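>>> Okay, sequence plus prediction incoming.
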Amino acid sequence: MKTTSLIGIGAGILLIAGCATAPHHNNWAGTPPTAATSPADKVWVISAVYGSGTNFADVTYRVDTLLHQPLVEFYARPQWLHADPTPGWNKELVIVYEFKGRRHIFMTGEGGKVSADELIHHAKQR
């Protein structure tokens, strides 16, 4: 019991110490700092599956990785998604994502083009 309490206290001290020693950046120009953003920075992928019938593969991590590479558009194909849950069958890619605080579902058949711009355009049409 004492060990658990000491670990909790130690973690709390590290957390507070970390906050106290965080570097502070002064903005001498008086303007807010700007960050380079890409369309993918505006899209949050919640889940993505690829397949047909009752056989779907979770490709969330792969889709998110592809979307967050600069200037990348990819296609709903096994080669891009590194998954082929139903070889020889036409498959569908289903992406659940958020854009500007609203949840959307994007679906495309095998070979369909996917990019952050496509998802944003899809969201704006709703």
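Structure received. Numbering: from 1, shown residues only.

>>> contacting residues around residue 110?
76-77, 90-93 (CB atoms under 8 Å, 6 or more residues apart in numbering). Quick note: C-beta positions are derived from backbone N, CA and C, even for glycine.

>>> Now, those that are in strands?
Counting by DSSP state E, the part of the contacts of residue 110 found in strands is 92-93.

>>> where in the chain is pLDDT low?
For the chain, applying pLDDT under 70 flags the ranges 1-40.

>>> hey, which strand is longest across it?
strand 43-52.

>>> May I see the buried residues of that strand?
Residues of strand 43-52 classed as buried: 43, 45, 48-51 (neighbour count, 16 or more other CB atoms under 10 Å).

>>> Mind telling me the two of those farthest from one another?
Taking CB to CB as the measure, those span a maximum distance of 22.1 Å, between 43 and 51.

>>> can you give me the helices in the chain?
2-20, 60-67, 78-81, 116-124 (DSSP state H).

>>> Just the CA coordinates for the shortest one, please, in CSV.
When you say that, I think you mean helix 78-81. What follows is helix 78-81, C-alpha atoms only, in CSV (Å, rounded to 0.1, in the frame of the first residue of the first chain):
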residue,chain,number,x,y,z
PRO,A,78,-5.5,-3.8,-51.5
GLN,A,79,-2.0,-2.5,-52.6
TRP,A,80,-2.7,0.9,-50.9
LEU,A,81,-4.5,-0.4,-47.8
